[in-house]
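Asker: A structural model of the following input is requested.
(one chain, ligands or ions: 1)
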Amino acid sequence: MEIRSTNEQDRDVFVGTFHAAFGRFPEVSAEGGGTWSALEMDRGLFAVGADGRPVGTAGAYSFELTLPGATLAPAAGVTAVGVLPSHRRQGVLSAMMRRQLADVRARGEFLSVLLASEALIYRRFGYGPATHTQRLTVSRHRAAFGFPRAVGLADAPATGSVEVFRRTECAGILEEVYDRYRRAQPGALSRPHRWWALGAGQPPISPAPRYIVVHRDDDGVPDGYASYAFGEANTLTVDEAIAADDTVFTALARFVLEHDLVAQVVFKHLPPEHPLRWQLADFRAGQVSDDTDWLWVRLLDVPRALTTRGWFVDGELVLDVEDPFLGERGRYLLTVRDGKADCVPTGREPDLSLDVSDLGSVYLGGTAPSTLVRAGHIRAHRPDAAALADALFRAERPPHCLHWF
Ligand SMILES: CC(=O)SCCNC(=O)CCNC(=O)[C@H](O)C(C)(C)COP(=O)(O)OP(=O)(O)OC[C@H]1O[C@@H](n2cnc3c(N)ncnc32)[C@H](O)[C@@H]1OP(=O)(O)O
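Answerer: Here you go, the predicted structure:
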């Protein structure tokens, strides 16, 4: 199977081929732009069939991923993966993944990330689910806030202001607020300027109609927004709500929850352990559903990945990491002191043996290593190794990714 790089001239065939793999038709946008317009065609791959026609596609975006400790790392955002239904289960995807991982490494990137259409596809290629997201549905009439002990929070005068725009009127504000937010949020991805300019991706980036409530601080500087639309049964759905801090988030949540003519508010994407539910006087007024994996992470250079992220607890672990897809294996001594890690090859007995996909799952702090020990994924060689790994890998807050690509 020949795998070849794509270029700008291949764009239409590339988009057509992966839509065919999904059994869909590409959207046609009269104004240009649209969901797939930010594809980086110099990073695309075609798998070419015997007759010279493409039978498979794989793309990649150049993102920055925020790691624990607010460190930014380049990451390949794998996308548009598809193999024509006529050519499946013959190793086409495997050949594309092998080539793509080699290309990512050759560019100096040590992390690759993706959103998986199905959870059974990518573990074999070394990816592990690393961030999770959930939906919170709040009945508006039960949504009174209550802050039992946080002195001052309940009756503190609201600071700042809110203003409602249509999506197309405030693109610059969204871009600026999103960029500030993503730099501090582990698991968040950059949204390159091109995306906003082209209206690529999904709301709130795309020009699809949305109302946007923007929050500003007392100096008038935008520090949060929520993108929302009305739907069936008087439901107000918030696609994306981001804020510089929890107070700003609370102000945005209050705005949508106090909206007239609304029966319920659906917050489509919240990170696990989000405080909003705890802020409601009636804990059951908010129902969590659709808890799902979001960003999958694949490490391509274990020492570099581990020394780049920030750490919050000192400690030492020996990790035996196996990478069956690339036929690699390494044993590393990870030493964390004062927020920084050292990671060097070692001959010492391992504390934990794990697959590179499991390391991807724990890397951003979104999954406790002990959970994967209990699930039979990771092997702990001494009794306290899992608890130490839990303490070490934990991030400053649960990682979360809102970006769809
Ligand atoms: C980041 C993204 O873009 S996610 C989008 C992924 N694309 C889609 O879901 C579109 C619809 N599906 C497809 O186009 C194809 O089925 C693909 C791309 C998922 C798989 O392509 P194929 O060329 O059939 O995969 P390939 O033959 O290399 O399979 C490799 C292995 O993965 C397994 N596998 C592949 N797809 C799946 C799946 N959906 N579920 C379970 N196992 C799978 C194969 O059985 C094979 O296992 P084996 O090595 O034990 O025999």
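
Asker: would you check how far apart residue 243 and residue 77 are?
Answerer: 24 Å (C-beta to C-beta, to the nearest Å). For the C-beta atoms, the positions are set from N, CA and C on the backbone; glycine is no exception.

Asker: out of those two, which sits in the busier spot?
Answerer: Ranked by neighbour count (other C-beta atoms under 10 Å), residue 243 and residue 77 place residue 77 first, with 23 against 19.

Asker: nearest residue to that one other than its sequence neighbours?
Answerer: residue 61 (3.9 Å; C-beta to C-beta, 6 or more residues apart in numbering).

Asker: which helices and strands does the helix or strand encompassing the one you found pack with?
Answerer: Element membership for residue 61 (DSSP states H and E) is strand 54-67. Packing contacts for strand 54-67, counted by 3 or more C-beta pairs under 8 Å, 6 or more residues apart in numbering; DSSP states H and E, involve helix 11-21, strand 45-48, strand 71-83, helix 92-106, strand 111-115, helix 171-184.

Asker: can you rerun that using 6 Å?
Answerer: Using 3 or more C-beta pairs under 6 Å, 6 or more residues apart in numbering; DSSP states H and E, the elements in contact with strand 54-67 are helix 11-21, strand 45-48, strand 71-83, helix 92-106.

Asker: for the third one, which positions count as buried?
Answerer: Residues of strand 71-83 classed as buried by neighbour count (16 or more other C-beta atoms under 10 Å): 73, 74, 75, 76, 77, 78, 79, 80, 81, 82, 83.

Asker: near the ligand, which residues of the stretch 101-250 of the chain show up?
Answerer: 114, 115, 116, 117, 118, 120, 121, 124 (C-beta under 6 Å from any ligand atom).

Asker: put the buried members of those into a ChimeraX selection.
Answerer: Restricted to buried positions by 16+ other C-beta under 10 Å, the ChimeraX selection for these reads:
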select :114,115,116
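
Asker: biggest separation within the residues of the stretch 101-250 of the chain next to the ligand, which pair?
Answerer: Greatest spatial distance among those (C-beta to C-beta): 115 and 124, at 17.0 Å.

Asker: now do the same end-to-end measure for stretch 179-195.
Answerer: Stretch 179-195 stretches 12 Å from its first residue to its last (C-alpha to C-alpha, to the nearest Å).

Asker: any buried residues in stretch 364-380, and which?
Answerer: 364, 365, 366, 367, 368, 369, 370, 372, 373, 377, 378, 380.

Asker: outline the domain layout of this structure.
Answerer: 2-109, 133-291, 301-393 (automatic domain parsing).

Asker: end to end, how far does stretch 176-196 reach?
Answerer: End to end - C-alpha to C-alpha - stretch 176-196 spans 11 Å.

Asker: could you do stretch 325-342 as well?
Answerer: End-to-end distance (C-alpha to C-alpha), stretch 325-342: 26 Å.

Asker: so where's the protein shaky on pLDDT?
Answerer: 30, 148, 150-157 (pLDDT under 70).

Asker: show me where the stretch 201-350 of the chain has strands.
Answerer: 211-216, 222-231, 235-243, 264-270, 286-293, 295-299, 315-323, 328-337, 340-345 (DSSP state E, counting those that start in this stretch).

Asker: most packed of those strands?
Answerer: Per-stretch averages of neighbours, counted by mean count of other C-beta atoms under 10 Å, single out strand 295-299 among the strands of the stretch 201-350 of the chain, with a mean of 27.

Asker: neighbouring strands - and their directions - for that one?
Answerer: strand 111-115 (antiparallel), strand 128-129 (antiparallel) (DSSP bridges).

Asker: got the angle for it vs strand 315-323?
Answerer: 90 degrees (axes from the mean of the first three to the mean of the last three C-alpha atoms, to 10 degrees).

Asker: send the alpha carbons of strand 295-299 over as CSV?
Answerer: What follows is strand 295-299, C-alpha atoms only, in CSV (Å, rounded to 0.1, in the frame of the first residue of the first chain):
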residue,chain,number,x,y,z
LEU,A,295,-8.8,13.9,23.9
TRP,A,296,-6.6,10.8,23.3
VAL,A,297,-2.9,11.3,23.8
ARG,A,298,0.1,9.4,22.3
LEU,A,299,3.6,10.0,23.6
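
Asker: ok now that strand, how far from the chain's centre?
Answerer: 9 Å (C-alpha atoms, centre = their mean, to the nearest Å).

Asker: tally up the residues packed near residue 51, please.
Answerer: 6.

Asker: still on that earlier bit, out of the helices and strands packed on strand 54-67, nearest to residue 175?
Answerer: Nearest to residue 175, of these and by C-beta to C-beta, is strand 71-83 at 16.8 Å.

Asker: by proximity to the ligand, which residue of the stretch 151-300 of the chain wins?
Answerer: residue 296 (8.2 Å; C-beta to the nearest ligand atom).

Asker: residue 352 versus that residue, what's the distance?
Answerer: Residue 296 is 20 Å from residue 352, by C-beta to C-beta.

Asker: and what of residue 298?
Answerer: 19 Å.

Asker: now do residue 146
Answerer: Applying C-beta to C-beta to residue 146 and residue 352 gives a distance of 42 Å.

Asker: check residue 51 too.
Answerer: In terms of C-beta to C-beta, residue 51 sits 48 Å off from residue 352.

Asker: now residue 299
Answerer: Counting by C-beta to C-beta - residue 299 and residue 352 are separated by 15 Å.

Asker: cool, and residue 173?
Answerer: Taking C-beta to C-beta, one finds residue 173 at 45 Å from residue 352.

Asker: try residue 91
Answerer: Taken as C-beta to C-beta, the span from residue 91 to residue 352 is 32 Å.
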